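*Asks:* no sequence on this one, just coordinates:
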């Protein structure tokens, strides 16, 4: 039965290899179980409910990928997209998290429709490759900046807007948290360099453990009034009733204070970022696994994109931000994964993780900060593929990646990139390389600034 479903012999793999690879993928992705609840809690959502929703969405998405496309790709709520959800849509823009979930749900439905046709691939091909790299690098900087804030390493400053923490003056709260977060970042970097599987998760755990030791030694002092709580976990059963805090809440979104135009802007930002994140990941991981055909295309990409779209829609119903294909799937591929059987293993491990919800939700923000900082570094790597000798390509990508962290918004970075790409290339008489869709996108973003 397993052979007929996953074609192991045809893909030159075994059950043992797939199982080990599936576990490896889960280990490299498990940090999302600590990071995602922490992030979305900033949007006003219940952390336990978000963790359960994260596990369920990851399970559904990964199993869909396994059964529909037979690829060893795992899915979970995406980094960058959860940051946009919590800090831009619900933070800067001030929308209720139920409205943000509605945008994610609509995005998923649109992607389901697009994935049944060739539209999604056509849209992807219409956007310049350099700008895609700028988006990826910009998200990396944005995530890293959030990580530095969560680590209490970067703080508000009246004269310079932001500055580094006063280590001496706040040593027992912000100071020690910043130091431990830096240590955690170094731990992840060293382990990742050594090729240790699950290095990001190990870094989070190491930072947390060091924090508990610091609390026991009196170096870390509880100050609940300012948000510094006990670092010790509460070993109790998962409160499964908490899922009611987020499950189905997407259908209760209140749009009375939300204009259609603003909702479309939010929706488009989710669509744009998720589209390039997903397709880029699929192609990147497939290339490493030597899955591309002679025309450098990924077979069954429509099924893979459809699985991703279904996961996004299901995740919104469960109560989490956009669910997408994770680049950490490459760790499983590196361990030998070649079929959906590895994804089945990863999916069921996510489902089992629900029972450990109290442990994951107790992890403090400064312990997950190293993961954000390091994942930001990995995403920033796309910048080296930008041709800085061609200013008509490089400047738009530069403005895109610069705007995201400084404007604290992924969508603003995308807008800057699209508008500048069209304007610069038109002025430089290079209109032939601008697709019709790019003109439409640029016009929409200009209208946003004029009328919104």
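*Replies:* Everything's here; your move. Quick caveat, the model's predicted, so the values are computed rather than measured.

*Asks:* give me the element residue 207 is part of.
*Replies:* Taking DSSP states H and E as the definition, residue 207 sits inside helix 199-216.

*Asks:* tell me which residues of that helix are tucked away?
*Replies:* 199-208, 210-212, 214-215 (16 or more other C-beta atoms under 10 Å). (Glycine included, C-beta is placed from N, CA and C.)

*Asks:* now for it, which elements pack on it?
*Replies:* Helix 199-216 makes packing contacts with helix 15-29, helix 176-193, helix 365-380 when contacts are defined by 3 or more C-beta pairs under 8 Å, 6 or more residues apart in numbering; DSSP states H and E.

*Asks:* so which of the buried residues of helix 199-216 comes closest to residue 322?
*Replies:* Comparing those against residue 322 with C-beta to C-beta places residue 200 closest, at 19.9 Å.

*Asks:* outside of stretch 198-206, which residues touch it?
*Replies:* Residues from elsewhere that reach stretch 198-206, judged by C-beta atoms under 8 Å, 6 or more residues apart in numbering: 24, 27-28, 30-31, 34, 183-185, 187-188, 191-192, 196, 363, 367-368, 370-371, 374-375.

*Asks:* Find the centremost residue of this structure, please.
*Replies:* The centroid of the chain falls nearest to residue 79 when counting by C-alpha atoms, centre = their mean (1.5 Å).

*Asks:* How far off centre is the helix or strand that contains residue 278?
*Replies:* Under the criterion of DSSP H and E, residue 278 resides in helix 260-288. With C-alpha atoms, centre = their mean, to the nearest Å as the basis, helix 260-288 stands 11 Å off its chain's centre.

*Asks:* right, and the helix or strand after that helix?
*Replies:* Downstream of helix 260-288, the first helix or strand assigned by DSSP H and E is helix 301-318.

*Asks:* which residues touch the residue nearest to the centre of the chain?
*Replies:* Residue 79 touches 32, 35, 139, 143, 372, 375, 379, counting by C-beta under 8 Å, 6+ apart.

*Asks:* Settle this for me: the second one is touching residue 370, isn't it.
*Replies:* No: with contacts counted by C-beta atoms under 8 Å, residue 35 stays clear of residue 370, the gap being 10.3 Å.

*Asks:* Quick check: pLDDT value at residue 259.
*Replies:* Residue 259 is assigned 76 on the pLDDT scale.

*Asks:* can you state the direction angle for the helix holding residue 278 and helix 365-380?
*Replies:* In terms of direction (axes from the mean of the first three to the mean of the last three C-alpha atoms, to 10 degrees), helix 260-288 departs from helix 365-380 by 70 degrees.

*Asks:* With adjacent residues omitted, what lies nearest to residue 378?
*Replies:* residue 140 (7.0 Å; C-beta to C-beta, 6 or more residues apart in numbering).

*Asks:* wait, what's in contact with the one you found?
*Replies:* Going by C-beta under 8 Å, 6+ apart, residue 140 touches 375-382.

*Asks:* Mind putting those residues into JSON lines with neighbour count and pLDDT?
*Replies:* As requested, the contacts of residue 140 are exported to JSON lines (neighbours: other C-beta atoms under 10 Å; pLDDT from 0 to 100):
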{"residue": "375", "neighbour count": "24", "pLDDT": "84"}
{"residue": "376", "neighbour count": "24", "pLDDT": "85"}
{"residue": "377", "neighbour count": "18", "pLDDT": "88"}
{"residue": "378", "neighbour count": "16", "pLDDT": "82"}
{"residue": "379", "neighbour count": "24", "pLDDT": "80"}
{"residue": "380", "neighbour count": "18", "pLDDT": "86"}
{"residue": "381", "neighbour count": "12", "pLDDT": "82"}
{"residue": "382", "neighbour count": "22", "pLDDT": "80"}
